[in-house]
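# sequence and predicted model, in that order:
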Amino acid sequence: MDKPEQFRERATVADYLAAERTMLAWIRTGLAMMGFGFVVARFGLFLQEIQIAHAAPLPSSAFSTRFGVVLIVLGVVVEIFAGWNHLRLVKQLERGEGVPMLAKNYAVLVACILAVVGLAMALHLFLM
């Protein structure tokens with residue numbers, strides 16, 4: 001149920017700037033994920049080149065390539081989420097609605113995903 005106009009809180013410039021800083025932080029996170037994915041995928045191609053040059057049997061590098069692509073896709077998903085969430089948040093601020101604190105839950109989710117990714121990559125490198 002909407003509050004009457006006289007009881008709505010007006011969003012301040014600080015609120016809009018905070019929303020923009022949050023969006024920019026998510027963009028940096030998504031870009032970092034995509035960059036890391038690119039490095040992981042290129043590492044797999046580098047292993048293939050070494051295998052061809054030395055004619056030595058090395059472990060398959062398909063895992064690195066696939067893993068890198070998954071990280072790039074996750075980075076793209078984070079970027080899309082950042083834009084969508086920012087637009088939704090600005091609309092809520094303009095209407096004077098309360099803003100739920102969902103961003104911290106998403107940040108914890110992304111942190112957990114990146115921790116699992118890091119452990120998987122460490123395990124993969126250890127077993128090579």
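Yep, that arrived. Numbering: from 1, shown residues only.
# low-confidence regions, this protein specifically.
For the chain, applying pLDDT under 70 flags the ranges 1-9, 56-61, 98-104, 125, 128.
# what are the buried residues along stretch 70-79?
For stretch 70-79, the buried set under the neighbour-count rule, 16 or more other C-beta atoms under 10 Å, comprises 71, 72, 74, 75, 78, 79. Any C-beta I mention is one placed from the backbone N, CA and C, and that applies to glycine too.
# equivalent analysis for stretch 32-48, please.
Going by 16+ other C-beta under 10 Å, stretch 32-48 has these buried residues: 33, 34, 36, 37, 40, 41, 43, 44, 47, 48.
# so what touches that stretch?
Contact partners of stretch 32-48, identified using C-beta atoms under 8 Å, 6 or more residues apart in numbering, comprise 58-59, 61-65, 67-76, 78, 114, 121.
# ok, then the element right after the top helix by length along the chain?
For the chain, the helix reaching the highest residue count under DSSP state H is reported as helix 13-54. Later in the chain than helix 13-54, the nearest helix or strand by DSSP states H and E is helix 62-95.
# just the angle between that following helix and helix 13-54, please?
170 degrees (axes from the mean of the first three to the mean of the last three C-alpha atoms, to 10 degrees).
# packing partners of helix 62-95?
On a contact count with 3 or more C-beta pairs under 8 Å, 6 or more residues apart in numbering; DSSP states H and E, helix 62-95 meets helix 13-54, helix 103-127.
# show me what contacts residue 26?
Residue 26 makes contacts with 78, 79, 81, 82, 85, 103, as judged by C-beta under 8 Å, 6+ apart.
# at 10 Å what do you get?
When contacts are counted by C-beta atoms under 10 Å, 6 or more residues apart in numbering, residue 26 touches 78, 79, 81, 82, 83, 85, 86, 103, 106, 107, 110.
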